[in-house]
Each structure stands twice: as C-alpha cells, then as structure tokens.
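K.L.:
Please find the sequence and the predicted model below.
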Amino acid sequence: MHLDGSYTFEAPRQRVWDTLQDPRVIAQCMPGCEKFDEIGEDRYEASMRIGIGPIRGVFTGRIFLHERTTPERYRMDVEGGGGPGNVKGSGLLELREEDGRTVVAYTGDAQISGKIASVGQRLLGVSAKQLINQFFKCMERRLDESESAG
C-alpha cells in the first residue's frame with residue numbers, strides 16, 4: 001500500500017519540527033496510543049488500539065527514525081503486529097516553509113498481512129489517511145497550545 005499527502009501548519013518550520021520530535025506529544029497525538037516508549041536513540045516501541053472496518057485490535061510495534069536533516073526531513077521505519085495482522089513500512093516526512101507556514105509532506109509504502117489485509121486496499125488507504133489526519137490535527141492543537149502558553 002502506498003500513502004502520500006501533506007498537511008499545512010500555521011507555524012514556522014522549526015516549531016513544527018520540534019513538536020514532531022517530542023515523544024510526549026507524539027504519544028498524545030497517535031490515535032489509539034496506549035504506550036509510546038523510547039527504547040534507544042531515535043527508536044521507540046508503541047502500542048495502539050485501532051479499528052479498520054470490522055477489524056479491531058491492538059498493534060504493538062517499533063518505530064525507527066533515521067536520515068534526519070534538521071529541520072527539513074527524516075525517514076521512519078515501522079514494523080509491528082497484533083491479532084488483526086502485521087504491518088511493515090517505511091516513509092519520508094519533509095518539512096518546507098512557505099510564507100511563515102509549514103507544509104509537511106509525507107510519502108511511504110507499507111506491506112500489510114493478516115486479517116486486516118482482508119478489508120481491502122481502498123478501505124485501508126482511506127483509514128490510514130484518516131489516522132494520519134487525526135495525528136496532524138492533534139499536533140496542530142499542541143502547537144497552538146504551546147504558542148498560547150509561551
């Protein structure tokens with residue numbers, strides 16, 4: 001499955017970058033996140049309770065960030081699974097500043113197996129985009145809150 005898209009933040013690139021690197025904020029914004037622990041430099045273990053169509057369950061996995069160019073881009077590798085199936089993927093996030101705003105563009109590919117793969121590529125793609133959008137909207141709220149507090 002291939003995913004790509006973008007999200008625009010009304011904030012400077014460095015602030016968006018810093019927020020996207022904060023494990024506490026990531027844990028708050030990952031839909032269904034039950035656990036998000038740092039297990040090494042740029043390595044995390046996460047547990048999420050999510051549902052896609054009729055398939056629901058807990059996924060546990062590892063996230064590895066690499067090829068970082070602050071505050072422009074980084075790669076993310078994800079591998080995990082649970083009762084509903086398994087996922088393995090890699091993606092690239094790129095941040096570019098445009099007129100005081102930041103556009104975060106993402107692209108990636110994932111291999112999905114198990115029961116969750118049975119819901120079909122179209123539903124998986126729509127559900128993944130919804131989860132990504134929820135994540136970015138939450139990040140935007142955290143940026144707004146930090147600006148109000150600061």
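P.N.:
Received, thanks.
K.L.:
And the helices in this protein?
P.N.:
With DSSP state H as the criterion, the chain has helices at 13-20, 23-29, 121-149.
K.L.:
quick one, which of these is nearest to Lys88?
P.N.:
helix 121-149 (13.9 Å; CB to CB). To be clear about C-beta, it is placed using only N, CA and C from the backbone, and glycine gets the same treatment.
K.L.:
Highest mean neighbour count out of the helices of the chain?
P.N.:
Stretch with highest mean neighbour count among the helices of the chain: helix 13-20 (a mean of 19; mean count of other CB atoms under 10 Å).
K.L.:
for the helix or strand of the chain with the lowest mean pLDDT, packing partners?
P.N.:
When each helix and strand of the chain is scored by mean pLDDT, DSSP states H and E, helix 121-149 comes last, with a mean of 87. Applying 3 or more CB pairs under 8 Å, 6 or more residues apart in numbering; DSSP states H and E, one finds that helix 121-149 contacts strand 2-9, helix 13-20, helix 23-29, strand 43-52, strand 101-113.
K.L.:
want to throw those into CSV with mean pLDDT and distance to Leu65?
P.N.:
CSV is the format used below for these (pLDDT from 0 to 100; distance: least, CB to CB, whole Å):
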stretch, mean pLDDT, distance to Leu65
strand 2-9, 96, 17
helix 13-20, 95, 10
helix 23-29, 93, 10
strand 43-52, 92, 8
strand 101-113, 95, 13
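K.L.:
OK, contacts around Lys35?
P.N.:
Going by CB atoms under 8 Å, 6 or more residues apart in numbering, Lys35 touches Ala27, Glu45, Ala46, Ser47, Thr60.
K.L.:
Done for today, thanks.
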